[in-house]
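Undergrad: Here is the input, now give the coordinates:
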Amino acid sequence: FNGAKAAMSLYGGFFKDVANEIGLEKALALHAKQGEGFAMGLLAAAKEKLNGRELDLGTLSAAGREMAAKSFGMAGGADVTQGLLRTKWARCSMYEGLAAAGVDHETIGRMCGALAEVECAALSRERPNLSVRLDFRAAADDPCVEEFILAN
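TA: Numbering: from 1, shown residues only. As a prediction, this is how the structure comes out:
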C-alpha cells in the first residue's frame with residue numbers, strides 16, 4: 001500500500017505538471033487511456049480463474065480484489081447478489097497518493113471517473129452483458145463504490 005501510495009504521489013506531481021502545460025482536459029484524456037489496459041487485465045485474470053466456464057460475478061470479484069491487492073495494496077469488501085457485484089474501497093493508495101501530491105479532491109474524482117469510463121467501455125466491448133458504474137467517494141474518508149452488473 002505504501003509503495004503504491006508513494007508511486008501515485010510521484011504520478012500526481014507529474015499529472016499536475018502535465019495539466020499545467022497542456023490543460024486539465026487533455027491531461028485527463030491521456031490519463032483515462034490507462035483504463036483500457038486495466039480492463040483487459042481484469043478480464044484476463046477472471047478468465048484464468050474461470051477455466052473455460054462462463055463469466056460470473058463471484059469470479060470477477062475475486063480477480064478484481066486480487067489485482068487491487070497486488071497492484072495497489074488495496075483491500076475492499078465485496079457483495080455479490082443476483083446480477084450485481086458491489087465493491088467498496090475504503091482505503092485507496094491511488095487517492096491517498098494523489099492527495100499527498102496536492103491534487104484536490106474534485107480533480108481526483110475527475111481522474112478516477114475518466115479512468116473508470118474508459119475501463120467500463122472496454123469491459124462492455126469485450127463482454128456486452130457487463131456494465132460498470134463508479135460512485136466516487138463524497139469525501140476523503142468515504143469509500144468509493146464500484147458496481148458491476150451482469151445481465152443474463
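
Undergrad: Show me where this protein has its strands.
TA: Assigned by DSSP state E, the chain shows strands spanning 77-81, 84-89, 130-135, 144-150.

Undergrad: got the buried residues for stretch 22-32?
TA: Neighbour-count burial for stretch 22-32 flags 27, 28, 31, 32 (criterion: 16 or more other C-beta atoms under 10 Å). Where C-beta positions appear, they are placed from N, C-alpha and C, glycine not excepted.

Undergrad: So which residue is dead centre in the chain?
TA: Nearest to the mean C-alpha position of the chain, by C-alpha atoms, centre = their mean, lies residue 116 at 5.8 Å.

Undergrad: show me what contacts that residue?
TA: By C-beta atoms under 8 Å, 6 or more residues apart in numbering, the residues touching residue 116 are 35, 132, 134, 146.

Undergrad: rerun that using 7 Å as the cut-off
TA: 35, 134 (C-beta atoms under 7 Å, 6 or more residues apart in numbering).

Undergrad: would you list the buried residues of stretch 22-32 in TSV and tack on pLDDT and distance to residue 9?
TA: Converted to TSV, the buried residues of stretch 22-32 look like this (pLDDT from 0 to 100; distance: C-beta to C-beta, whole Å):
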residue	pLDDT	distance to residue 9
27	98	17
28	97	19
31	96	15
32	95	20
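
Undergrad: any low-confidence regions in the protein?
TA: In the predicted model, the chain carries no residue with pLDDT under 70.

Undergrad: What ranges does it have for its helices?
TA: Here the chain has its helices, by DSSP state H, at 2-22, 24-32, 34-50, 57-72, 93-100, 105-126.

Undergrad: Now tell me what touches the shortest one from outside.
TA: With C-beta under 7 Å, 6+ apart as the contact definition, helix 93-100 has outside contacts at 1, 4-9, 12, 72-74, 108, 111, 140.

Undergrad: Show me what counts as buried in that helix.
TA: Residues of helix 93-100 classed as buried: 93, 94, 95, 96, 97, 98, 99 (neighbour count, 16+ other C-beta under 10 Å).

Undergrad: swap in stretch 1-17?
TA: For stretch 1-17, by 16+ other C-beta under 10 Å, it's 4, 5, 8, 9, 11, 12, 13, 15, 16.

Undergrad: which among those gets closest to residue 150?
TA: Of all the buried residues of stretch 1-17, residue 150 sits closest to residue 4, with 28.3 Å by C-beta to C-beta.
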